[in-house]
Structures are given as structure tokens and as C-alpha cells.
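In: With the sequence up front, the predicted model follows.
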Amino acid sequence: MPETPEDLEFLLSHLNQIAQPKRGDLLQGTVIAADSSGLVVDLGLKRDGIVPRADLDKLPPEEASFQVNDEIAVLVVDPLDADGNLVVSIAQARESEDWIRARKLMEDQAIIEATPNGYNRGGLVVPFGRLRAFVPASHLSDLPRGLDDQQRAAHLNAMVGRKMPFRVIEVDPKRRRLVFSERKAIRQWRQDQKARVIETLKEGEIRKGVVTSLREFGAFVDIGGADGLIHISELSWERVEDPADVLQVGQEVETLVIRLDRRANRIGLSLKRLQTNPWEKAADDLAPGSEFEGVVSRHTNAGAFVRLPVGLEGLVRPADEGAALPAPGEKVRVRITLFDPAHERLDLDLVREEDEPQMERARAGDLYDEGR
């Protein structure tokens, strides 16, 4: 069926709408003329784009030279100026490309390296292409707290010119706000490094490491680029109240890998499992009915714990509710009522001195002397 004049008019009108660029559009074109007044760029539209000389002057000298047939990206500044020109900008297009690149880096959570070239009271200034990124002081990993203004300025100034890792955490072209974080970059790098190390580990292998920090619940040990946790219960076969009683930061230790959680990126380590298990060692000596002299080590809601010469603690429960128990540090005579090495459980009863058989008294005294 032949097209009517109305159809042709509609198609031409629709094509004209498609060919009309809008302010802010990023377009690709080819330089078709270059002179002292600027550039003329073929954009594949009905009209060519005009790049004013003032826009070229915003570019670094080494980037401001263009030849005919050069392919360039431009940003529409004015679709139709007073002279009927389509005004475009190379400088703003390149800035726009930097914004696009920054957003992609943020979405990918990529780590980049950059060098700060300035600072202010709030943090560091970092060049990013044709943009300037800001790193708030709260996103710097080694800025000490409690500094006065002069000390803070000196510390920030010392970071200028030093290559550092960053992650892009905010991209807002309208407000011209680009924010980096060094703290998040380092945290992510450590997690990535930890994941790589975990892939090389196997449960049951022994790894040397260095204690990096102590917490109430245990100690963190760097075993070659990744921190593993020695839980407080894995520091020693003896009860540990404070990890600092066993380890100190910077100490080199040999650890056993006991748990690997690749999904959660966690490594569980142990010190005590590389030591002789006192529960197994004492199996032949701690038969039910045996008697020993020990020392009360502590009280709990369940009763009093007594440390025996073999290095283990057993629990003495009160005979009656509210009955008094010997005080911590007091020497007592106890009889074994239950020894369960698999569950590390040792139950004891107090023995009255006047009821103790002479032979058992001598035997227990000899064993106590040998165990010292």
C-alpha cells in the first residue's frame, strides 16, 4: 500500500524528534574542522556540533590538540544557542566519563590506588581523572583520635603524595560530590586476602603466625596475610580468664587449624590442641574412688573447683543447699566420683581427714609430691 503524505509527514516529524539531542546527552563524533575558534564535530545528526575555543582551553595543554578525523566524545551543553548552533563540550564529556567510571567502580566495590594531592580540616583531597574526590577523616585507617587542629593538619599533610588504596563510596554528579574511603578499601583487601588464604588451608594443618590483637573472647593471629581466631577456650587446657595471661601482641606462635568457614570467611585456630592433652594423660591415674590432695581454685554457682596435682580441675558440689564450701586457696582432700575425659568432666567429693584410710593417705601424698 503506498504511503500517504500524512504518513510521510509523521515519519519525518518522528525522525526529527529522534535527531534532536538534549542537554546533558553524551555523544560520539568526528572532528571535521579545527581552527582558532574551536572545533566542528560531525555527530551523525542534522546539525554538526560546535566546540568553542573556551572549552578547549579548559583541557590540559597536552590534551587540547585535535586533528580532522579524530574521534571524540562530547556532552551537549546547549541544543540550540542564540545563533542556532548545537554547542557541545569536550571538557564536560570527559568529566562525565569520569563520573561514569567512578559509579562503575562503586557498583563493583573495586579497590583503586590513588595519591592525595591536598588536604583540609575534614580530610584528604584526591585527584580522579578530571574530578576531585574527598576522603573524610573518619574514613582514614590510621588517623589517631584526640588530635588538636595542628596535630591533625600535620598528620593529614604527611599523607599527601603517598599512594593509598581507596574505595568509591559516593558518586553524585549533580552536587559534584565524589567520596572515597581508605578504611573500607583496607577492610575489603583484608577480606579478599583472607579468602585467598582460606583456599590454601586445610583443617588439621599447623601454621606459624603472629598475634595481632587480643580480645576478651580470644586472640587474633596473622597466619600469612589472614587473621584467624584462637577462641579463649582453645588457648590452653587450663582455664584462662584473660588471653593476655597466655599471649601478647607481636608474639610468634604455632597454631593448629581446627575450623574453616569459607562462606563466612572465618578461620578457627587452636594452641591447646598442639599441647599434651592432660585429660588423656591422666586417664590411668584418675579412676573413680581415687583420693588426692588439691587446692580450691575458684567458686561458681555449681560449687567449688579444685585443682589436682595432675593439672586438672574437678567440681565439688555442696552436700546440702547452702552448705559452706572451702575457700579459694584452701588445701582440701577429695575423692573422684566421675572421670569423663571425652567431655572434660571431673566430679569430686570432699573427704574428711578422720575418715581417710591410712594407705590411701600415703598414696595420695606421694602422688601429690610427684606432680609438683
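Out: Yep, it's here.

In: Please verify my assumption that residue 214 contacts residue 247.
Out: Yes - the pair residue 214 / residue 247 is scored as a contact, 6.6 Å apart, by CB atoms under 8 Å. C-beta here means a position set from N, CA and C on the backbone, and glycine is covered the same way.

In: thinking residue 194 is in contact with residue 225, fair?
Out: Yes - taking contacts as CB under 8 Å, residue 194 lies within contact range of residue 225: 7.5 Å.

In: quick one, which of these two is more surrounded?
Out: Using other CB atoms under 10 Å as the criterion, residue 194 and residue 225 rank with residue 194 on top: 18 against 12.

In: Find the residue closest to the more buried one in space, skipping its chain neighbours.
Out: residue 226 (3.9 Å; CB to CB, 6 or more residues apart in numbering).

In: what's the spacing between the one you found and residue 190?
Out: 8 Å (CB to CB, to the nearest Å).

In: who's more crowded, these two?
Out: A count of neighbours by other CB under 10 Å puts residue 226 above the other of residue 226 and residue 190, at 23 against 14.

In: What pLDDT does the model give the more buried one?
Out: pLDDT recorded at residue 226 is 89.

In: isn't it right up against residue 197?
Out: Yes - taking CB under 8 Å as the definition, residue 226 is a contact partner of residue 197 at 3.7 Å.

In: what do these two both touch?
Out: The overlap between the contact sets of residue 226 and residue 197 (CB atoms under 8 Å, 6 or more residues apart in numbering) consists of residue 267.

In: Can you give me the neighbour number for residue 139?
Out: Around residue 139 there are 20 residues (other CB under 10 Å).

In: Next one: it from residue 257, what distance?
Out: Distance, residue 139 to residue 257, using CB to CB: 33 Å.

In: And the helices in this structure?
Out: 5-18, 53-56, 90-108, 149-159, 182-200, 278-281, 358-371 (DSSP state H).

In: quick check: mean pLDDT across the fourth one?
Out: Same thing as helix 149-159. Here the average pLDDT along helix 149-159 is 91.

In: mind checking how far it is from the chain centre?
Out: Chain-centre distance of helix 149-159: 25 Å, with CA atoms, centre = their mean, to the nearest Å.

In: got any ranges where this protein has weak pLDDT?
Out: For the chain, the stretches with pLDDT under 70 are 1-19, 322, 353-372.

In: Would you map out the domains in it?
Out: According to automatic domain parsing, the chain comprises the domains 23-95, 109-186, 201-274, 278-371.

In: among these, which is nearest residue 103?
Out: Each of those has some distance to residue 103 by CB to CB; the shortest is domain 109-186, at 4.6 Å.

In: From start to finish, how long is the closest one in a straight line?
Out: In domain 109-186, first residue to last residue: 12 Å (CA to CA, to the nearest Å).

In: need the contact list for residue 244.
Out: Taking CB under 8 Å, 6+ apart, we find residue 244 in contact with residue 214.

In: just checking, residue 333 touches residue 326?
Out: No - assessed by CB under 8 Å, residue 333 is found out of contact with residue 326, at 10.1 Å.

In: what about those two, which has more around it?
Out: Legend: neighbour count by other CB under 10 Å for residue 333 and residue 326, higher for residue 333 (20 against 16).

In: ok, that one to residue 221 distance?
Out: Residue 333 is 41 Å from residue 221, where distance means CB to CB.

In: and what of residue 180?
Out: Taking CB to CB, one finds residue 180 at 31 Å from residue 221.

In: More neighbours: those two, which one.
Out: Neighbour tally, residue 180 and residue 221, criterion other CB under 10 Å: the higher count belongs to residue 180, 29 against 26.

In: what's across from the closest residue to the more buried one other than its chain neighbours in the sheet?
Out: Nearest non-adjacent residue to residue 180, counting by CB to CB, 6+ apart: residue 166, 4.0 Å away. In this entry, residue 166 is beta-bridged to residue 112, by DSSP bridges.

In: need the contact list for residue 166.
Out: Residue 166 neighbours (CB under 8 Å, 6+ apart): 111, 112, 113, 114, 126, 133, 135, 180, 181, 182, 185.

In: If we use 10 Å, what do you get?
Out: 105, 110-114, 116, 124, 126, 128, 133, 135, 139, 179-186 (CB atoms under 10 Å, 6 or more residues apart in numbering).

In: Let me see the contact set for the closest residue to residue 103 other than its chain neighbours.
Out: Excluding its sequence neighbours, the residue lying closest to residue 103 (CB to CB, 6+ apart) is residue 171, at 4.6 Å. Residue 171 sits next to 98-107, 131, 133, 177-179 when contact means CB under 10 Å, 6+ apart.

In: In ChimeraX, select just the buried ones from those.
Out: ChimeraX command restricting those to the buried ones, with burial defined by 16 or more other CB atoms under 10 Å:
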select :98,99,101,102,105,106,131,133,178,179
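
In: does residue 248 really touch residue 212, like I thought?
Out: No - counting by CB atoms under 10 Å, residue 248 stays clear of residue 212, with 11.2 Å between them.
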